[in-house]
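> here is a sequence with its predicted model. Questions after.
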Amino acid sequence: MLIAFHLLIQVVLIGRVLLRPDREPASRLAWIVVILSVPVLGISAYVFLGETRIGRRRLARHLAARSRLPSGASMPRWSIPDALPDRRDRDAELFRVGHSISGFAPVGGNTARLTADAEDTIASLIADIDAARDHVHLLFYIWLPDDSGTRVAEALMRAARRGVTCRVMADDFGSRRIIRHPVWSRMRDAGVTVARGLPIGNMILRAVIGRIDLRNHRKIVVIDSHITYVGSQNCADAAFLPKAKFAPWVDAVMRITGPVARQNQVVFAGDWLAERPQDDLSAALTTAALPPDDGFAAQVIAQGPIDRPSAVPEMFASVIYAARRELIVTTPYYVPVASLQSALRAAANRGVAVTLILPARNDDFAVAAASRSYYADLIGAGVRIYEYNPGLLHAKSITVDGDITLIGSANMDCRSFALNFENNLLLADPGTTAAMRARQMAYLAESTRITARDVAQWSWRRQAWNNAFAIFGPLL
């Protein structure tokens, strides 16, 4: 009787896997294998982790929050694409893809500085908080109560005491250490308004009504609606004590001034109002923007599990296909959907110099193994693969032909594609892209190239290990 009941549940779940919309064929196959091959545990895994369920109430709050935000059409006139007549057709096509995802038109008049390292990022952020006049908005996936995290908290407390409106949000899972730390309550007592992103609450109940591992992975800073930060760095030391053996964590962050900060403001407001709908952010969203200076065109591309499926891989693939001469990609986690793997191979096969830089030591052994299962296929097409040695290369960046850059929080894995709230920025500027490319070249100088001979010399056990994890890549 129990066996028959178990088989019935398997049949029902497999039917649901096959009928579930917006799912990659590889993901369907992986889940069918899990359901059939791991009795009871496979069924439990699918029930709790098999579908992107954010929960009805949470979804309603996010949609209600978005309804209170300014639309792209209501942004200042100089943010409309017609104000950027010198953009080339290729750039316009990429910006149209970004617009289709988050609704933001590209906006001109931006300038950027690529920070030197993690410490420089924190020092720059603190200086901007200390100089803030009206408001500071921060959102981090991971915020630690270490030296960097505490110094940023202290800067926020100073700002709040002098009358600056400070709102900070930290993901309830990724930042659980600081949320439980006295510095969190100290910020609140000093006048900083704090919020937990995607609060977990009762873990069992949360797992039933919505996936517990849907997280807010964004890193957003907006100061006075004119300064914003975008990149991969969390609010933490490069030593990253929770996983110190992989340190230093190497990130890339840009400090950007200009109209595109208003787009990050809208993204932050949407996340904030979903958790604190009683708050009024209208002043920050309608503050008169400074007139644009001479500068480059940029666009915020935000995406999450409540948006259209596959938006992130579509953006990545579009940028890859736009390359004509050179494409350089850095990502800590490479577990692609088939379209991304094909895009990289196609770029190399049509003569583009394609370089992929990954960490030699990854904090996730399963992702590391799955990533290496793709090496032979990529190298065979002409992609040059390098593994970065000094620490965990955490930067998520793409440069194209020396004038296009995509930088942000999204990895090339299924978590970023379907489960996380992510935030990236696309910009068209030779000068800024040259700075990002120079940083990528610095990574390359400390990396080891992986050749076809290296891959061929891997033992059959290692190859089997890598390929076994690749089968379950859509679940990682």
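Yep, that arrived.
> just for this structure, where's the confidence low?
Within the chain, the stretches with pLDDT under 70 are 5-6, 22, 47-48, 50-51, 71-88, 203, 206-208, 210, 287-293, 474-476.
> helices of the stretch 301-450 of the chain, start to end?
311-322, 338-349, 365-372, 375-381, 414, 430-445 (DSSP state H, counting those that start in this stretch).
> just say which of those helices is most tucked in.
Among the helices of the stretch 301-450 of the chain, judged by mean count of other Cβ atoms under 10 Å, the one packed with the most neighbours on average is helix 414 (a mean of 24). For glycine as for every other residue, the C-beta is placed from the backbone atoms N, C-alpha and C.
> domain boundaries for the protein, per the record?
Domain assignment for the chain by automatic domain parsing gives 2-49, 56-95+108-299, 311-475.
> can I assume Val194 sits in a strand?
Yes: Val194 forms part of a strand when assessed by DSSP: H, G, I helix; E, B strand; the rest coil.
> quick one: contacts for it?
Contacts for Val194 were tallied using Cβ atoms under 8 Å, 6 or more residues apart in numbering; they are Val168, Met169, Ala170, Trp184, Met187, Arg188.
> can you tell me which helix in the protein is longest?
helix 2-19 (DSSP state H).
> what's the first helix or strand after that helix?
helix 25-37 (DSSP states H and E).
> tell me, how many residues neighbour the residue lying closest to Ala418 once chain neighbours are set aside?
With sequence-adjacent residues excluded and distances taken as Cβ to Cβ, 6 or more residues apart in numbering, Ala418 is closest to Thr52, at 5.6 Å. Neighbourhood size, Thr52 [other Cβ atoms under 10 Å]: 17.
> just say helix, strand or coil for Thr52.
Strictly by three-state DSSP, Thr52 counts as coil.
> how long is stretch 300-312 from one end to the other?
Terminal residues of stretch 300-312 are spaced 12 Å apart (Cα to Cα, to the nearest Å).
> contact partners of that stretch?
22, 52, 54, 59, 62-63, 98, 101-102, 104, 214, 216, 218, 230, 260, 263-264, 267, 315, 337, 408, 410, 416-426.
> buried stuff in that stretch?
Buried residues in stretch 300-312, defined by neighbour count with 16 or more other Cβ atoms under 10 Å: Val300, Ile301, Ala302, Gln303, Gly304, Pro305, Pro309, Ser310, Ala311, Val312.
> my reading is that Arg167 lies in a strand. Confirm?
Yes: assigned with three-state DSSP, Arg167 falls within a strand.
> which residues touch it?
Arg167 sits next to His135, Val136, His137, Leu138, Val192, Thr193, Ala195, Trp272, Asp279 when contact means Cβ under 8 Å, 6+ apart.
> one more time with 7 Å
Arg167 makes contacts with His137, Thr193, Trp272, as judged by Cβ atoms under 7 Å, 6 or more residues apart in numbering.
> do I have it right that Arg68 meets Leu273?
Yes: assessed by Cβ atoms under 7 Å, Arg68 is found in contact with Leu273 at 6.0 Å.
> name the residue in the two with the higher neighbour count.
Between Arg68 and Leu273, counting by other Cβ under 10 Å, Leu273 is the more crowded of the two (22 against 14).
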